[in-house]
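Visitor: My questions concern the predicted model and sequence given below.
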Amino acid sequence: MRGNKSYIELKKTALMQYFSRMNDMQKKAVFTVNGPLLVLAGAGSGKTTVIVNRIANMINFGNAYFDETRSGNADDIEFLEAYINGETDDLDGLREAVAVNPIKPWNILAITFTNKAANELKERLNAMLGEEALSIHAATFHSACVRILRQEIDRIGYGKDFTIYDSDDAQRLIKSVMAEMEVSEKNFAPKALLSEISFAKNRMITSAEMKENAGADFRKKTIARVYSHYCARLKESNALDFDDILLLTVKIFEDFPEALDKFRNRYKYILVDEYQDTNQVQFRLVSLLSEQHRNICVVGDDDQSIYKFRGADITNILSFEKQFEGAVVIRLEQNYRSTKTILNAANAVIAHNEERKEKALWTNGDEGDKICWYKACDENDEAQFIANEILKHYKESGKYSDNAVLYRMNAQSNKIEQALIKSGIPYKIYGGLRFTDRAEIRDVIAYLNFINNPFDMVRFERIVNKPKRNVGDTTVELIKQISTDLKLSPLDVMRNCDEYAPLSKKVSTLKTVAAMFDSLIEKVDVLPLNELLDEVLAKSGYMAYLRGLGDEGVNKIENVQEFYSTVASYTDEAEDPNLNEFLEEVALYTEADRDDNSDDRVTLMTVHSAKGLEYDNVFVVGMEEGIFPGIRSMDSPEDLEEERRLAYVAITRAKKKLYLSNAAQRLLFGQTQRNLTSRFIKEITRELIEKNDNTISLRNQMSNEAVTAVHSSSLQQQLARNKAKSNTKAEAVEYTAGERVMHNSFGEGTVLSVKKMSNDSMLEIAFDKVGTKRLMANFAKLKKI
DNA sequence: TGTGCACCTGTTTTT
DNA sequence: CAGGTGCACA
């Protein structure tokens, strides 16, 4: 008896020691392996570290810490004593001495929202666990579901090679559905309709249910009709939108218990990150999967729930304990990021919210600088102030990249950009056009999608006449009609167009087009992807079409060239590269996934996209009633609370110094507005703030000069010049023919030719292994060797 | 079937 | 202010 008690104590001490880098609350989360667990992880509380260590604990030691069933033998006790005394740090020995039901890595499913978070998690698990980490399924909700659907979707009448429609494809589809149903875009904005449909899908409301609930409401009835048609068209195209990916997975789990069982047995331990952002479908999915084993751990922060407008349901996290009986709740409130001052400000602001789980961040760190509140005369003054402050910080630290400027809406970025350009400060903007949003890239992707799935009507319409093939709208409409009526793919219809009287005039044209696509389809499983892409660009005439555009086309060709490297790196990294999987990756990929911290620039982005990031110095601009909080949120207490959470997110991004600014007047959307100071500034305890009111000093000076100066033409020219300079990458390297270079996916090669283009150059390189490629110097990430 | 002009309308956007 | 888009017209 005595021996066993001391074994338990020794075991706990040893495990504490193994995870000694964690604080007590973090350790508790790490050791709690079985049953439902809610981790309320405040901003900067080391959330990812906890997740990684918790998984490491599960795999190495299982439920060792809380277990009371295993009694140690003399060897175990001897080992533990040696371990505790620092005589050994052998992990395998420790495993042997303490482990209780260690969990197989492939029984763990870790779900995140972004690819970036999933990748970070994978990397850190890899660093901590080595090879075993590879069998852990760490993925986004969407990619995890796609993986399930690829196995199971034929149960509900879709083909396994289904296509994924992103928001842009979905919008095209909804427009075409509306046209077909004669619903005017004037009365129903396609975007709004789409978001209504998305909300319905997120809440698992079918079009039939929506119709029922509509009663006599014409608007709702119309939406329900469009919704129903939209779904039908998706299915005919064997396509899924983002919401379908989750919804159909849930549907299969609900309707086919044997499918659900399969995945329940596989994923016995489930972990969900950013749980405050889950919607109802995601909740349902997680519930279904975890119902049996009940090993569900969710991590999140209700104070950082900022995606209600996209269907996120904060009640998921607020009522977790009700929904999962017996849940353990752990609060991580120690912050390792910000100064006391910043945390106190954040706490003061968020305390004004009613609907939240009480918690308060604290830190052992310094008091730090006071928060700077800058009252600007107008938006130019605000921007210039920020530029000046950044220059000051740069003088001290020699770095631009620890500064970030956050705004409520993208429209505010312009003035900041101008000021930074004027001061010669390099910056990068998040949230502009995504690379894959560019028309030419979408076209190329559409070709690939169509040859992968010839039922894809949206992609068919996009490219069938691009470049011009003499297939006009009327013909396309006819083909669509026939395909829908006969349940054929548009490609089938073109192939056999002589069988359909309405197409009689176009027989030879359509046969040629069909033959072109067929010849490409033949190559899908034959050629490696990069060669397939070459073939597509050549046979479709798309490349020739871009070349024919002259100057305009140059940039587009560059972008297509860059797309090559996406293909190449996929081919290199994938286990079994294939077109279908590549297209899936492209569809679920976001611009944020490829952010490179490589160069030293100030970051500009919306508060939303800043979630999860941190910077030494953070500037939150436009702290004005009507902007932040936004005008649309001011009449609903619920929306206002979300704005406040957004403010909380913004404030807690700062590690050392926080700047809040507002302007006495600002020009926005062509109108000059005078807004009151944001309530969020007023909610901060006054002692934490150092106010800097420029509206007083400037009233005494000749203010107009400073303001109008920005618009003067000589300055404009200077701006343009600076911009050109800052846009060229600092490390723009010159290459000459004959040089040896290294490319991170193509390997080593010799430069054959260099062709100057605007502010880049196109290189023709003979690679030793993969043959001759054309690459843009600035994109190619080449190394001279 | 392409171009150009007038008009309109402006949060946030992980997939 | 500025980008996107619908629509008219050639």
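Guide: Ah, there it is.
Visitor: A:Ala110: which element?
Guide: Assignment of secondary structure by DSSP states H and E places A:Ala110 within strand A:108-112.
Visitor: touching DNA strand B at all, whichever helix or strand comes after that strand?
Guide: Remark: after strand A:108-112, the chain's next helix or strand is helix A:115-129, criterion DSSP H and E. Yes. Using Cβ under 7 Å from any atom of the strand, helix A:115-129 reaches DNA strand B at A:Asn115, A:Lys116. Backbone N, C-alpha and C define where each C-beta goes, glycine included.
Visitor: Could you tell me which strands sit next to the strand holding A:Ala110 in the sheet, and their orientation?
Guide: Each strand paired with strand A:108-112, and its direction, by DSSP bridges: strand A:137-140 (parallel), strand A:269-272 (parallel).
Visitor: what does the stretch 101-250 of chain A have sitting close to DNA strand B?
Guide: Residues of the stretch 101-250 of chain A found near DNA strand B, taking Cβ under 7 Å from any atom of the strand as the criterion, are A:Phe113, A:Thr114, A:Asn115, A:Lys116, A:Thr140, A:His142, A:Ser143, A:Ser167, A:Phe242.
Visitor: show me the contacts for the residue found closest to A:Leu613 once you drop the neighbours it is linked to in the chain.
Guide: On the basis of Cβ to Cβ, 6 or more residues apart in numbering, the spatially nearest residue to A:Leu613 that is not a chain neighbour turns out to be A:Arg653, at 6.2 Å. Taking Cβ atoms under 8 Å, 6 or more residues apart in numbering as the definition of contact, the neighbours of A:Arg653 are A:Ala404, A:Leu406, A:Ala610, A:Leu613, A:Glu614, A:Tyr615, A:Val618.
Visitor: thought the first one was touching A:Phe619?
Guide: So the one you mean is A:Ala404. Yes. At 7.1 Å, A:Ala404 and A:Phe619 qualify as touching, with contact defined as Cβ atoms under 8 Å.
Visitor: which of those two has more neighbours?
Guide: Ranked by neighbour count (other Cβ atoms under 10 Å), A:Ala404 and A:Phe619 place A:Phe619 first, with 28 against 24.
Visitor: helix or strand for the more buried one, which one?
Guide: Secondary structure here is read from DSSP H and E; on that basis A:Phe619 sits in strand A:615-620.
Visitor: Could you list every helix and strand in contact with that strand?
Guide: Taking 3 or more Cβ pairs under 8 Å, 6 or more residues apart in numbering; DSSP states H and E as the contact definition, the neighbouring helices and strands of strand A:615-620 are helix A:379-397, strand A:403-407, helix A:637-651, strand A:654-663.
Visitor: Tell me the spacing between the residue nearest the centre of chain A and DNA strand C.
Guide: For chain A, the residue nearest the mean C-alpha position is A:Thr114 (4.2 Å; Cα atoms, centre = their mean). Distance of A:Thr114 to DNA strand C, given as Cβ to the nearest atom of the strand, to the nearest Å: 24 Å.
Visitor: What about the closest residue to DNA strand C within the stretch 351-500 of chain A, how many residues nearby?
Guide: The minimum distance from the stretch 351-500 of chain A to DNA strand C, using Cβ to the nearest atom of the strand, falls at A:Asn414 (7.0 Å). A count of neighbours around A:Asn414, defined by other Cβ under 10 Å, yields 12.
Visitor: can you check A:Glu258 too?
Guide: Counted with other Cβ under 10 Å, A:Glu258 comes out at 8.
Visitor: Tell me the secondary structure of it, please.
Guide: For A:Glu258, the secondary structure call by DSSP: H, G, I helix; E, B strand; the rest coil comes out as helix.
Visitor: Out of the helices and strands in chain A, which is least certain?
Guide: helix A:713-727 (a mean of 37; mean pLDDT, DSSP states H and E).
Visitor: Which SSE is immediately downstream of that one?
Guide: Downstream of helix A:713-727, the next assigned helix or strand under DSSP H and E is strand A:740-743.
Visitor: thinking again about what came up before, what pLDDT does the model give the residue of the stretch 351-500 of chain A closest to DNA strand C?
Guide: Reported pLDDT at A:Asn414 in the predicted model: 88.
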